[in-house]
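S.K.: build me a model from this:
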Amino acid sequence: MQRIFYGGWSITIVCAIIGFILAVQFRQVRDSQATVPNQRLEEVSVRLIQIQEERDELANRLEILQRETNSAANQEIVSELKIQACATALEGEGVIVKMDDSTRVAKSGENPNLYLIHDDDLLRVINELKAAGAEAISINGQRLIATSEIRCAGPTLSVNNVRSSPPYEIHAVGDKKSLENSITMRGGVAETLKVWGIQLEVTASDDVYIPPFKGTFKRTYGKVVDEK
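M.R.: Predicted coordinates for the structure are as follows:
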């Protein structure tokens, strides 16, 4: 009977110890589970603060760049680049050259094409204007750039892949006296064309308007390199 009594107490003590151990372990697990989200929350908070600081720094840099871009010096540079790229309209003194086909009737055996304006006739006028210092030129509203073409397209002429028919009106900005003299000088292009009755009229003006280039710029093969 005494053995049974001692045995019962032993089992009770062991169960109590096991229960205590299980309770401690359960609490440790619960505390550890609660700690993980807290740690993650702290990490996210720290990262958020870092991102906000980076955002503020970028915003300050953007503001500085915008102020620099909007400065008078940079605006002048941008404006000059647009002029060089023919991307803006120009107005100033210069000449307006009007050309039209001859009104003469070809004689028997003559080539009637001699009395019509061809691409080489326009090119001669353009080259004379360029040689006289023309800063900008347009033909029937088409701004001439480095890659512009002037070529025959049936009964019409094509400039910047835009066809037009006579009369042709050439606008050139530059010293009006020099430009006018380059066309009307003795033995010049005007005299030569008048032999065939080609109509050519040059008018000097203080308000010659040159439209911007309306096409697209495309660079496929050329690349920028350092000067040698």
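
S.K.: check contacts around residue 90.
M.R.: Each residue near residue 90 by Cβ atoms under 8 Å, 6 or more residues apart in numbering is listed here: 83, 135, 136, 173, 209, 210. All C-beta atoms are positioned from the backbone trio N, CA, C, and that covers glycine.

S.K.: switch the cut-off to 10 Å
M.R.: Contacts for residue 90 were tallied using Cβ atoms under 10 Å, 6 or more residues apart in numbering; they are 83, 135, 136, 138, 143, 171, 173, 208, 209, 210, 211, 212.

S.K.: put the alpha carbons of the one helix or strand residue 209 maps to into PDB.
M.R.: When secondary structure is defined by DSSP states H and E, residue 209 falls within strand 199-210. Once non-C-alpha atoms are left out, strand 199-210 reads as follows in PDB (Å, rounded to 0.1, in the frame of the first residue of the first chain):
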ATOM      1  CA  GLN A 199      10.600  83.700-116.600                       C
ATOM      2  CA  LEU A 200      12.700  84.700-113.600                       C
ATOM      3  CA  GLU A 201      12.000  87.600-111.300                       C
ATOM      4  CA  VAL A 202      14.100  88.600-108.300                       C
ATOM      5  CA  THR A 203      12.700  90.700-105.500                       C
ATOM      6  CA  ALA A 204      14.800  92.000-102.600                       C
ATOM      7  CA  SER A 205      12.900  92.200 -99.300                       C
ATOM      8  CA  ASP A 206      13.500  92.900 -95.600                       C
ATOM      9  CA  ASP A 207      10.900  90.300 -94.500                       C
ATOM     10  CA  VAL A 208      11.600  87.000 -96.200                       C
ATOM     11  CA  TYR A 209      10.000  84.000 -94.400                       C
ATOM     12  CA  ILE A 210      11.600  80.600 -94.400                       C
END
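
S.K.: within the sheet, what are the partner strands of that strand, with directions?
M.R.: Strands flanking strand 199-210 in the sheet, each with its direction: strand 90-100 (antiparallel) (DSSP bridges).

S.K.: list the helices and strands the very next helix or strand once past the partner strand packs on?
M.R.: Note on strand 90-100: by DSSP H and E, the next helix or strand toward the C-terminus is helix 119-131. Taking 3 or more Cβ pairs under 10 Å, 6 or more residues apart in numbering; DSSP states H and E as the contact definition, the neighbouring helices and strands of helix 119-131 are strand 90-100, strand 136-139, strand 150-153, strand 156-159, strand 168-173, helix 176-184, helix 189-194, strand 199-210.

S.K.: list the buried residues of helix 119-131.
M.R.: The neighbour-count criterion (16 or more other Cβ atoms under 10 Å) identifies 121, 122, 124, 125, 126, 128, 129, 130 as the buried residues of helix 119-131.

S.K.: closest to residue 76 among the residues you listed?
M.R.: When those are compared for distance to residue 76, the smallest value, 26.0 Å, is given by residue 130; criterion: Cβ to Cβ.

S.K.: okay then, goodbye and thanks.
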